[in-house]
Every structure is written in structure tokens, then in C-alpha cells.
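Novice: below are the sequence and a predicted model for it; my questions follow.
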Amino acid sequence: MSGDRVGDEALGAAWLLLPAPFFGVSTWDRVARVLEVIGLSASVVGPEPITTNTEDFLAPWLDEVVKTAAPLQGLTLRLAGHSAVCPRLRLAASALAEQGHDVDTIVYVEGRLPCHNISPAVADPQRIAIMDSVVHPDGYLPPWWAWWGPLVDDVVPDEELRHRVWTDCRRVPRALFDQPVPAPAVASGVVEAFLGFGSGYAPSLDVARAKGWPTAWLEGSHIHQVNDPVTVATTLLHLAAERRLGATDDER
């Protein structure tokens, strides 16, 4: 990238931004707008229809991913997923490849890294214990912000923006987190990267660094992309370019 111009390679790429199951599109739409302002294509995957009667929670989500990506056919796709959607990103990349898309980058943002056929309930028992403490008798979790009450008011300091993000949160079945998530191997040449906020997913950051992936860490809340979309958007671009440009952690 030179000055304010986006390079030719970036102009042939599109970002597909994936929220966590319990968050809405408002956690990514400000980042999408930043990417669009600088001349890139960006789309946010919307919520899939699921209920406590859903038997396979991954199928409707994959349908939504494929549907959102359909208008981007012909562009190289770069995926960025946040929080609890991170373990699903390799599965999404595989499904998109089956539809003829070229995926060249996966950025895991503030979440757990994929582990083949492991359910979130097994992989992250501490967070599941929190969910189990708040699940309603009907089998649904309350909206994410209600798990914590006023403790999360500072997560989005701007009151109007916080109201929009909280309103966009949805109730999801607790059973969603019991389903094992496949993690197919990524194709040769796909760059995997990790972006963390705060210390909540420090183990993922450590694993990503040990694997030699591009990594970045920004001081912020769990949904820092809502509060600082410009920095997060430019960091995503940096991570996508870093390995291709031959940069190392010491050179950043």
C-alpha cells in the first residue's frame, strides 16, 4: 500500500466479516464501512435461523456464509471472524472453496483457534460454565450483554453505539455449543493470522505466534472493532499482507 492508494492485489480481494453467534452484524459493520471507504469490497454475514429444535447448528450458518459470499464470486476472499465464530472459520473456508471461491486469508479475531471435531463445551469449559449459569429454562441463553449486567457497560463506552450493539445481540440455544466443529486443513498458500484485544485470548495469540502466523495485539475490549473500526480495519489489511511481503514480528 502506498499513500492512500490500495494496491492492485487488494482491489481484487473482498473481506467477509463473520460475527460470533450471539452477536449481530453491528459488531462488524463499522469495519466494513472503513474497508469500503478505501475502495475494498466487504460484507458482513448475518444471523442464521436457529432454534432449540435445530439439530445441526452448522448447516444453516454455512448456508448464510455461502449466500453472503455469492455476490463476491470472482474476488479473492479474506475471512475475519470474531469471538465464538473463530473455531468455525476453517469450515467456512472449506465450504466457500467448494462453491468455487478463492480464499487466501483467515484472520481469527479475539477467539479460540480451530480444533478438529471438538465442541466449544469441551474446548472451553470455563466459558461454558458461565453460559450454564445464565441459561434460561427454555434452553436459550440470554443476550450476551445480559450475562454480565453493568460490568460490560465500559465495553462500548459510547451509549448510543452500545445500545445499537446490545439491541443487535440475540438469544441462541445453549445446545449450539455442544456440537463438535470440523476444522478441515486449509489449502496451501492460505494465510492464517490472529488479532487479539486485551488478554482474554492470550493462549490463542501464543499458539499463533508459535505457528509462525502473522499476529497483532490491540489494547481494547472484547469487541474493540466496534469502538475503533479504523485501527482494526487497517490491522486486518496489515495481517493479510504481512506474510506475502515477508515481514516478521521484529520488523513491525
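Specialist: Alright, I've got the coordinates.
Novice: show me the strands in the stretch 1-150 of the chain, by range?
Specialist: 13-18, 41-44, 76-82, 102-109 (DSSP state E, counting those that start in this stretch).
Novice: which one is Ala208 nearest to, not counting chain neighbours?
Specialist: Spatial nearest neighbour of Ala208, chain neighbours left out: Phe194 (3.6 Å); criterion: CB to CB, 6 or more residues apart in numbering. Bear in mind the C-beta positions are built from the backbone N, C-alpha and C, glycine included.
Novice: surely that neighbour and Val107 touch.
Specialist: Yes - in terms of CB atoms under 8 Å, Phe194 counts as a neighbour of Val107; the distance is 7.2 Å.
Novice: tell me, how many residues neighbour Arg127?
Specialist: 15 (other CB atoms under 10 Å).
Novice: for the closest residue to Val155 other than its chain neighbours, what are its contacts?
Specialist: Nearest residue to Val155 in three dimensions, chain neighbours excluded: Ser221, at 4.3 Å (CB to CB, 6+ apart). Neighbouring residues of Ser221 by CB atoms under 8 Å, 6 or more residues apart in numbering: 154-156, 197-198, 227.
Novice: buried among these? Need that as a selection in ChimeraX.
Specialist: Of the contacts of Ser221, the buried ones can be selected in ChimeraX as follows, counting by 16 or more other CB atoms under 10 Å:
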select :155,156,197,227
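Novice: so which of the contacts of Ser221 are in helices?
Specialist: Asn227 (DSSP state H).
Novice: the helices in the protein, which residues?
Specialist: 8-11, 29-37, 58-69, 89-98, 120-123, 125-134, 159-168, 202-210, 224-227, 229-245.
Novice: by contact count, what packs against the third one?
Specialist: I take that to be helix 58-69. Contacts defined by 3 or more CB pairs under 8 Å, 6 or more residues apart in numbering; DSSP states H and E place helix 58-69 against strand 13-18, strand 41-44, helix 89-98.
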